[in-house]
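Engineer: Next comes the sequence, and after it the predicted model I'd like to discuss.
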Amino acid sequence: MTHRSVPTGNGMRQVPVSLEAKKGEFNEIPIIDLAQDQTVSAAELRDACTRVGFFYVKNHGVPEDLIDDVWKVAKDFFALPLEEKMEIELHKTPNMRGYTPMYGENVDPSSRPDAHEAFDFGSDTTSMYNMDGVPGKNVWPSSLPKTQITLDDYFKKINELGHRLLQLFSLSLSLPIDALQSIANPPSSIARILHYPPHESEKEVSPDQIGIGSHTDYELFTILLQQQGIKALQVLNRHGEWISAEPIPNTLVVNVGDMMQRITNDKYVSTIHRAINQSGRERYSSPVFFGANYEVTLEAGDYLKERFEATYK
Ligand SMILES: O=C(O)CCC(=O)C(=O)O
Ligand SMILES: [Fe+2]
């Protein structure tokens, strides 16, 4: 088998099974400087989202000391005894917040469960929503009060960046700057911290047992913080090759999600990616999935229907 079928929010896609990723080609994933003129950034974003679906942002405004605190909190949390983490296990909450143990997830159902553990959190302000389900209270580890303080602050700052990026997405589609804000007012974002332990043996790393299997993200876009110095994230390019999206100092990674692909009628690609920690060291990362409001019906706008091929009616 050289390829496997992967389900995404917009249908089945094919990915190569091989663990190899092209080296030294991460520059294929563009870097956008958010300090430059917005119209320049918007043009670069349009190019990145049509060709790659992934880009790095620099001058993103998320303070370095907050990022350091996120890593401290992540290390302390995942180092807790398993029983303590299991007290706040995700399925014990009505709204999918909390802890997922190692191999507790399987994002690519055609392979074996993912070699990571995770902790999910989001907005704690239930009054922001008036429906049941995923919105609602977070759960926190009672023995580590710093977790909530740091991750609440981090969630707020990343969502502020999300709104700035949504403005750039609007401009990149030749729309007024605030045209897309109404679909994320407020955003239904979900965040996680992730821990990928080193594989104990080479044998453990196999095409069907990796850190996180091949998948696309569901939401509008994802903002990903990854620990510096450890290569793990890989992105499938248009030629069906895995490209290494290694960490670049002072940048965050942003990728288009299924919902953005849908509202842009496939113009912007929700790109398949995966993570394999072959570094021999512990790896931590933290994606924030910037989501459309749960009550908004997503459809391709008329402007897009005219301009691009209509896939989503
Ligand atoms: O840890 C990473 O680099 C990627 C995580 C990811 O793709 C996800 O959580 O959706
Ligand atoms: Fe992802």
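Structural biologist: Received the coordinates, thanks. Ligands and ions are numbered 1, 2, ... in the order given.
Engineer: so the most centrally placed residue in the chain bridges to which residues?
Structural biologist: Geometric centre of the chain, nearest residue: residue 222, 3.7 Å, by Cα atoms, centre = their mean. In this entry, residue 222 is beta-bridged to residue 255, residue 289, by DSSP bridges.
Engineer: my read: it touches residue 258, true?
Structural biologist: No - between residue 222 and residue 258 there is no contact under Cβ atoms under 8 Å: 10.6 Å. Where C-beta positions appear, they are placed from N, C-alpha and C, glycine not excepted.
Engineer: circling back to that earlier point, for the residue nearest to the centre of the chain, which residues are in contact?
Structural biologist: By Cβ atoms under 8 Å, 6 or more residues apart in numbering, the contact list for residue 222 reads 253, 254, 255, 257, 287, 288, 289, 290.
Engineer: measure the last one to ligand 1 for me?
Structural biologist: Just to be clear, that refers to residue 290. Residue 290 sits at a distance of 12 Å from ligand 1 (criterion: Cβ to the nearest ligand atom, to the nearest Å).
Engineer: swap in the third one?
Structural biologist: When Cβ to the nearest ligand atom is the yardstick, residue 255 and ligand 1 sit 8 Å from each other.
Engineer: Give me the number of neighbouring residues for that residue.
Structural biologist: Using other Cβ atoms under 10 Å, residue 255 is surrounded by 26 other residues.
Engineer: Show me the shaky parts of the stretch 151-300 of the chain.
Structural biologist: Residue ranges of the stretch 151-300 of the chain with pLDDT under 70: 200-205, 207-208.
Engineer: where exactly do the strands run in it?
Structural biologist: 190-196, 212-215, 221-226, 233-236, 242-244, 251-256, 273-275, 283-290 (DSSP state E, counting those that start in this stretch).
Engineer: Make JSON lines from those and add distance to residue 142 to it.
Structural biologist: Shown next, in JSON lines, are the strands of the stretch 151-300 of the chain (distance: least, Cβ to Cβ, whole Å):
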{"stretch": "strand 190-196", "distance to residue 142": "17"}
{"stretch": "strand 212-215", "distance to residue 142": "28"}
{"stretch": "strand 221-226", "distance to residue 142": "25"}
{"stretch": "strand 233-236", "distance to residue 142": "32"}
{"stretch": "strand 242-244", "distance to residue 142": "39"}
{"stretch": "strand 251-256", "distance to residue 142": "30"}
{"stretch": "strand 273-275", "distance to residue 142": "30"}
{"stretch": "strand 283-290", "distance to residue 142": "21"}
